[in-house]
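Asker: Predicted model and sequence below, questions to follow.
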Amino acid sequence: MTCILDIHKTSPLIENNMLKEKYTSLLSYYTDDLRLIEQYWGEITNHYSSKERKYHNLNHLEHMIIEIDDVKSKIENLNAFLFALFYHDLVYNPLKGNNESKSAEIAVKKLSNIRVDSNTISKCQNHILATKQHLLSEIVDTNLFIDIDMSILGQKWEVYVTYLKNVRSEYSIYPDFIYNKGRKKVLKHFLEGHVFLTSHFQKRYEQQARDNINRELQILES
């Protein structure tokens with residue numbers, strides 16, 4: 001598995017090419033309109049390349065793509081999973097609480113326009129909406145999607161530090177006393193049960209994630 005540290009060192013051109021190939025291949029199942037595919041990809045890159053995005057950007061998508069490799073055989077509807085990956089953070093405004101619903105809404109519209117089957121669209125929509133609360137679902141694919149989205153929590157400490165600094169930067173509009181209070185609440189919630197929902201990610205990242213979270217909490221409370 002490629003280390004996420006290598007991802008951060010990857011040039012934007014290489015990164016975009018890899019993601020573009022994945023996205024183009026995915027859309028080619030449903031349309032052969034190359035101009036439309038290019039238009040759709042342009043919309044993806046424009047959203048995720050916003051200068052305000054320090055973590056929720058194309059690096060995040062690439063890391064998720066890499067994490068899929070080890071669980072691909074467990075995923076029932078891979079196309080729905082991949083569509084959700086590309087669209088789940090399409091709308092990201094730290095000041096709003098409706099990012100997931102807005103992202104899902106755009107995904108549904110875009111996929112309907114290229115006649116993606118209703119089952120795949122519905123599953124994609126559900127995966128995206130589920131990232132808001134990170135609750136255990138009856139749907140295996142949804143649990144895997146949430147775990148992959150949160151897998152950064154289980155990376156080595158030096159990688160985690162970059163992540164927490166990037167997230168803090170995205171919320172730079174908030175002073176420390178407000179941000180730290182909200183951040184501690186979120187982190188403590190993760191520690192109340194398992195950080196990850198599936199046995200695969202619990203075995204792979206659970207202990208490291210708990211160590212990272214506790215370490216960050218110590219920093220926030222110091």
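Answerer: Ah, there it is.
Asker: Just give the nearest non-adjacent residue to the residue nearest the centre of the chain, would you?
Answerer: Geometric centre of the chain, nearest residue: Asp149, 3.9 Å, by CA atoms, centre = their mean. The shortest distance from Asp149 to any non-neighbouring residue, by CB to CB, 6 or more residues apart in numbering, is to Thr131 (5.6 Å). No exception for glycine: its C-beta is placed from N, CA and C like everyone else's.
Asker: And the protein, what are its domain boundaries?
Answerer: The chain breaks down into these domains under automatic domain parsing: 8-149, 153-221.
Asker: Next, count neighbours for Ile128.
Answerer: For Ile128, the count of nearby residues is 29 (other CB atoms under 10 Å).
Asker: That one sits in which helix or strand?
Answerer: Per DSSP states H and E, Ile128 falls inside helix 118-130.
Asker: Packing partners of that helix?
Answerer: Judged by 3 or more CB pairs under 8 Å, 6 or more residues apart in numbering; DSSP states H and E, helix 118-130 is in contact with helix 78-87, helix 99-113, helix 140-149.
Asker: TSV for these, including mean pLDDT?
Answerer: Shown next, in TSV, are those (pLDDT from 0 to 100):
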stretch	mean pLDDT
helix 78-87	98
helix 99-113	98
helix 140-149	98
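Asker: So which of those helices is nearest Val195?
Answerer: In terms of CB to CB, the element of those nearest to Val195 is helix 140-149, at 8.9 Å.
Asker: Give me the secondary structure label for the closest residue in space to Lys54 that isn't next to it in sequence.
Answerer: Excluding its sequence neighbours, the residue lying closest to Lys54 (CB to CB, 6+ apart) is Asn166, at 3.8 Å. Under DSSP: H, G, I helix; E, B strand; the rest coil, the three-state class of Asn166 is helix.
Asker: Touching, Asn166 and Asn59? I think so.
Answerer: No - using CB atoms under 8 Å, Asn166 makes no contact with Asn59, being 9.0 Å away.
Asker: With neighbour numbers in mind, choose between the two.
Answerer: Using other CB under 10 Å as the criterion, Asn166 and Asn59 rank with Asn59 on top: 21 against 18.
Asker: Which helix or which strand is home to Glu206?
Answerer: Secondary structure assignment for Glu206, by DSSP H and E: helix 199-221.
Asker: ok, residues contacting that helix?
Answerer: Residues from elsewhere that reach helix 199-221 (CB atoms under 8 Å, 6 or more residues apart in numbering): 70-71, 74, 144, 147-148, 151, 153-157, 160, 164, 180, 183-184, 187-188, 190-191, 194-196.
Asker: Among those, which lie within helices?
Answerer: Counting by DSSP state H, the part of these found in helices is 144, 147-148, 157, 160, 164, 180, 183-184, 187-188, 190-191.
Asker: Just list the residues touching Ile75, thanks.
Answerer: Applying CB under 8 Å, 6+ apart, we find Ile75 in contact with Ile68, Phe81, Asp141, Leu144.
Asker: ChimeraX command to pick out the buried ones of the ones in helices among the contacts of helix 199-221?
Answerer: The buried residues among the ones in helices among the contacts of helix 199-221 can be selected in ChimeraX (16 or more other CB atoms under 10 Å) with this line:
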select :144,147,148,160,164,183,187,190
